[in-house]
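**Q** here's my sequence, what's the structure:
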Amino acid sequence: MTHIRNFVGGALVDTAGTLDLTDPATGKVFGTSVLSGRDEVDLAMESASRAFQSWRRSTPAQRQEALLKIADALEARAEEFADAEVRETGKVRAVMLDEEIPECVSTLRFFAGAARQLEGTGAGEYLAGHTSVIRREPIGVCAQIAPWNYPLMMAVWKIGPALAAGNTVVLKPAETTPSTAVLLAETAAEFLPPGVFNVLCGDRETGRALVRHPRTDLVSITGSTRAGIDVATVAAADLKRTHLELGGNAPLLVFPDTDLADTAARIADAAFYNAGQDCTAGSRVLVHQSVHDAFVAALAETAATRRPDVDYGPLNSRAQLDRVLGLLKQLPPHARVETGGTAPGPGFQLAPTVVSGLRQDDELVQEEIFAPVITVQPFADEAEAIKLANGVPYGLASSVWTNDVARVARVSRDLDFGCVWVNTHGPLTAEMPHGGFGHSGHGKDLSAYSFAEYTRVKHVMTRFE
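**A** Residues are numbered from 1 along each chain as shown. All right, here's what the predicted structure looks like:
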């Protein structure tokens, strides 16, 4: 049986408590991870706090070198990382090796460069006889909480800017997917001082203890809106800074001048990637009423060709599968399942599903599904499309499908989402920010914007006359 331990102060550390680890592709338990309590949280936070005193004084060049070496080591050990993540998530192994791990390597290399590219107001005499200088400094110890849908990628998105800016980290992976985070910390330990990057396994209470801890200076979470509100509430009691990348419910606006068959195929890819377990998943389609029926038919036909356990993996857990099946079972009478809606097994597989006939206030439209499920609604004109798109609490990502350049300008301006894609949905790059509005949280991952969020701004004024 596999047993995953904490990584604290540069070494693996065991605890008495354990959590079962289940392979979602089979539904069978294959190992355990430690369950960290208050003592383990104290140990990790003390380790990170001690390490911060020296790491904060490292030069940007030193931090860059460390991140570049971590990226190289991750690239060299790609097969090992893929095996660990596939075992806990059921992901398609080729996708891990060909797409996700290369993106993780690229992101680490980007933040290695960002470490040496701090921007700020130039020094100058803004008051006669005085020179002002702006310092950007690391914040301190960052408690970071990663989700289960992209365990390795989200760990990289979090540690990259934090370490590049000179902070130290205590990362808590999701309780169902801890392996790659611990493996990443072990890999990084060759290039970082002990205590700079720690991993603490555990459950929600472990995360709450990290947020409450007096040595925590910033809390970053990627997770559900519920979890984000919980973190923000606990952090507010001590005025801790927060970085919240939360749920999404992306609208995809399809206008009649687009190629319907090609658009249907691309939207299916965007909706079913990673079994739809993606906060930007293309799951909420809004299509012009003049082509609605034809597009629904094309989308259902395309969806039916996608194969669970071949084109995408299972849902994360039995609880997640049961939740989604419950939503589909409770569909209102006016809704119709065009294809899918079944759990073929083994494990926690869900067939690719398309649901039409839904109305704006239906639960399946308003709530993030996080599964290979697409909903389709008609709209009469551009104004209604925007109203329906914006008519949910989330504001993370969206897309517009049209060949009309003027329409792109109007609609992208009016969509209340942190990202608007045009004639595509889902691509990300380390140079561009990722983050949303409303119940999708605040703060940005990736890009120089993320790097800046892991710094604090200090004004130093010197009188010289």
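
**Q** quick one: pLDDT of Met1?
**A** pLDDT for Met1: 86.

**Q** does it touch Asp20 like I think?
**A** No. Contact status for Met1 versus Asp20: not in contact, 9.7 Å apart, counting by C-beta atoms under 8 Å. (Glycine included, C-beta is placed from N, CA and C.)

**Q** give me the common contacts of these two.
**A** Common neighbours of Met1 and Asp20, using C-beta atoms under 8 Å, 6 or more residues apart in numbering, are Gly31, Thr32.

**Q** give me the more crowded residue out of these two.
**A** Asp20 (12 against 8; other C-beta atoms under 10 Å).

**Q** got phi/psi on Asn423?
**A** Main-chain dihedrals, Asn423, degrees, to the nearest 10: phi 60, psi 30.

**Q** wait, it sits on Thr258?
**A** Yes. Between Asn423 and Thr258 a contact is recorded at 7.4 Å, counting by C-beta under 8 Å.

**Q** more neighbours, these two?
**A** For Asn423 versus Thr258, neighbours defined as other C-beta under 10 Å are more numerous around Thr258 (22 against 15).

**Q** who's the closest residue to the more buried one other than its chain neighbours bridged to?
**A** Using C-beta to C-beta, 6 or more residues apart in numbering and skipping the chain neighbours, the partner closest in space to Thr258 is Trp401 (4.6 Å). When bridges are taken as DSSP bridges, the partners of Trp401 come out as Val254.

**Q** give the contact list for Trp401.
**A** Trp401 touches Leu252, Leu253, Val254, Phe255, Thr258, Thr263, Ile267, Val422, Asn423, counting by C-beta under 8 Å, 6+ apart.

**Q** ok, now how distant is the fifth one from Val400?
**A** Read it as Thr258. 9 Å (C-beta to C-beta, to the nearest Å).

**Q** then the fourth one?
**A** Counting by C-beta to C-beta, the gap between Phe255 and Val400 amounts to 8 Å.

**Q** joint contacts of these two?
**A** Contacts common to Phe255 and Val400, judged by C-beta under 8 Å, 6+ apart, are Arg407.

**Q** quick one, which of these two is more surrounded?
**A** Val400 (27 against 22).

**Q** wait, the more buried one touches Val422, no?
**A** Yes. With contact defined as C-beta under 8 Å, Val400 and Val422 form a contacting pair (5.3 Å).

**Q** common neighbours of these two, please.
**A** Val408, Ser412.

**Q** wait, is Pro378 part of a strand?
**A** Yes. Under DSSP: H, G, I helix; E, B strand; the rest coil, Pro378 falls within a strand.

**Q** tell me where the stretch 351-465 of the chain has helices.
**A** For the stretch 351-465 of the chain, the helices defined by DSSP state H, counting those that start in this stretch occupy 363-366, 382-390, 405-414, 447-453.

**Q** for Glu79, which of these is the nearest?
**A** For Glu79, the closest of the helices of the stretch 351-465 of the chain is helix 447-453, at 28.6 Å, according to C-beta to C-beta.

**Q** for Phe52, give me its contacts.
**A** For Phe52, the contacting residues are Pro138, Gly140, Val141, Asn167, Thr168, by C-beta under 8 Å, 6+ apart.

**Q** report the two of those separated the most.
**A** Pro138 and Val141 (9.7 Å).

**Q** tell me which of those two has more neighbours.
**A** Val141 (27 against 24).

**Q** quick one: contacts for the more buried one?
**A** So, once contact is read as C-beta under 8 Å, 6+ apart, Val141 ends up touching Met45, Ala48, Ser49, Phe52, Asn167, Thr168, Val169, Val170, Arg215, Thr216, Asp217, Leu218.

**Q** let's have the residues you listed in TSV, adding pLDDT, distance to Leu299 and secondary structure.
**A** Shown next, in TSV, are the contacts of Val141 (pLDDT from 0 to 100; distance: C-beta to C-beta, whole Å; DSSP: H, G, I helix; E, B strand; the rest coil):
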residue	pLDDT	distance to Leu299	secondary structure
Met45	98	49	helix
Ala48	98	48	helix
Ser49	98	52	helix
Phe52	98	51	helix
Asn167	98	44	coil
Thr168	98	47	strand
Val169	98	42	strand
Val170	98	44	strand
Arg215	97	50	coil
Thr216	98	45	coil
Asp217	98	47	coil
Leu218	98	42	strand
